[in-house]
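Peer 1: give me a model of this one.
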Amino acid sequence: MRPKKKNMSNSASKGTALITGASRGIGVVYADRLAKRGYDLVLVARSEAPLKVLAERLSSGTGRSIAPIVADLNDKADLVKVETELRDDPSITMLVNNAGIASVAPLLDADIEKMEAMIALNITALTRLTYAAAPAFVTRGAGTIINIASVAGISPERLNGVYGATKAYVLALSHSLQHELADKGIRVQAVLPGATATDLWEIAGLPWQKLPPSIVMSTEDMVDAALVGLDQGELVTIPSLHEVDEWNRFEAARRAISEKFGNSRPAPRYEIPMRRSA
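Peer 2: Sure, this is the predicted structure:
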């Protein structure tokens, strides 16, 4: 079990938010912002030293209860430990599925072992944590799931194809969760960052400093925008997309075309010539 820390804040807690990938980048900013919003935190990451430094800083700075869990979500035993926390701690009201890795390698040049590890973290771990949290939230009558996807999930041609596919999965899963859980008091938000100034890019093989500055958003701006989107009730938040009508049209077209898939016969353009002349 995770260590408990006394809540020294005079303000009532909004519950506990569990954040994965919490020791760096986007996860650190989510931890800071949610603590300041009145959430106690469970911070999950592989790197023990920065995780504990962050926990101490936020605990002393905000007075919230901050509990670190050192866990590698690609390790089954560690993943089960975090799943158990989500299922069994009744104070948890929010899950931020932030942990993930990326790649910029062309598909034919990519190491398949690294691709498999990326699928395990970006898809399998995220799914298992979601499946641990969602039923628990339904039982508790409320809860919020924030899934960090990527604009690469809509435009997979721009980066590594497996990375884009994992983020397309996150977006699709979020849509399904929104559909199934909205009437049960559960909120689900998919956040699709564009290029963001984190070391994820360097680990992927392309430091963000080598990208055009005009397309790189700070982690602070990204998370702050995502939380405003959550406050506004957005199901999908794309902080870097200024023309929201573009997304609304895209989403409306997706939903409209899905109503036209149910036909017992193939479309006329697929008719076999011999059948047509018979």
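
Peer 1: quick one, phi psi at the nearest residue to residue 86 once chain neighbours are set aside?
Peer 2: Nearest residue to residue 86, sequence neighbours excluded (Cβ to Cβ, 6 or more residues apart in numbering): residue 132, at 4.1 Å. Glycine gets a C-beta too; all of them are placed from N, C-alpha and C. Backbone torsions for residue 132, taken as degrees, to the nearest 10, come to phi -80, psi -40.

Peer 1: was I right to think residue 132 contacts residue 83?
Peer 2: Yes. Counting by Cβ atoms under 8 Å, residue 132 touches residue 83, with 4.0 Å between them.

Peer 1: overlap in contacts, the two.
Peer 2: Counting by Cβ atoms under 8 Å, 6 or more residues apart in numbering, residue 132 and residue 83 have no contacts in common.

Peer 1: if we can go back for a sec, residues contacting the residue nearest to residue 86?
Peer 2: Contact analysis of residue 132 by Cβ under 8 Å, 6+ apart lists 82-84, 86-87.

Peer 1: repeat the analysis, applying 7 Å as the threshold.
Peer 2: Each residue near residue 132 by Cβ atoms under 7 Å, 6 or more residues apart in numbering is listed here: 83, 86-87.

Peer 1: mind listing the residues bridging to residue 187?
Peer 2: Beta-bridge partners recorded for residue 187 (DSSP bridges): residue 144.

Peer 1: from residue 144, how far off is it?
Peer 2: 4 Å (Cβ to Cβ, to the nearest Å).

Peer 1: residue 22 too?
Peer 2: 16 Å.

Peer 1: re the thing from before, among the contacts of residue 132, which lie within helices?
Peer 2: 83, 86-87 (DSSP state H).

Peer 1: so where do the helices sit in the stretch 151-278 of the chain?
Peer 2: Assigned by DSSP state H, counting those that start in this stretch, the stretch 151-278 of the chain shows helices spanning 161-181, 200-204, 219-231, 244-258, 273-277.

Peer 1: averaged over its residues, what pLDDT does the first one have?
Peer 2: This means helix 161-181. Across helix 161-181, pLDDT averages out at 96.

Peer 1: alpha carbons of it, as CSV, please.
Peer 2: Coordinates of each C-alpha in helix 161-181 appear next as CSV, following Å, rounded to 0.1, in the frame of the first residue of the first chain:
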residue,chain,number,x,y,z
GLY,A,161,2.8,5.0,-37.4
VAL,A,162,2.6,2.8,-34.2
TYR,A,163,2.7,5.9,-32.0
GLY,A,164,-0.1,7.5,-34.0
ALA,A,165,-2.0,4.2,-33.8
THR,A,166,-1.7,4.0,-30.0
LYS,A,167,-3.0,7.6,-29.7
ALA,A,168,-5.9,6.9,-32.1
TYR,A,169,-6.8,4.0,-29.8
VAL,A,170,-6.8,6.3,-26.8
LEU,A,171,-9.2,8.7,-28.6
ALA,A,172,-11.4,5.9,-29.7
LEU,A,173,-11.5,4.4,-26.2
SER,A,174,-12.4,7.8,-24.8
HIS,A,175,-15.3,8.2,-27.2
SER,A,176,-16.6,4.8,-26.2
LEU,A,177,-16.2,5.6,-22.5
GLN,A,178,-18.0,8.9,-22.9
HIS,A,179,-20.9,7.1,-24.6
GLU,A,180,-21.2,4.4,-22.0
LEU,A,181,-20.5,6.3,-18.8
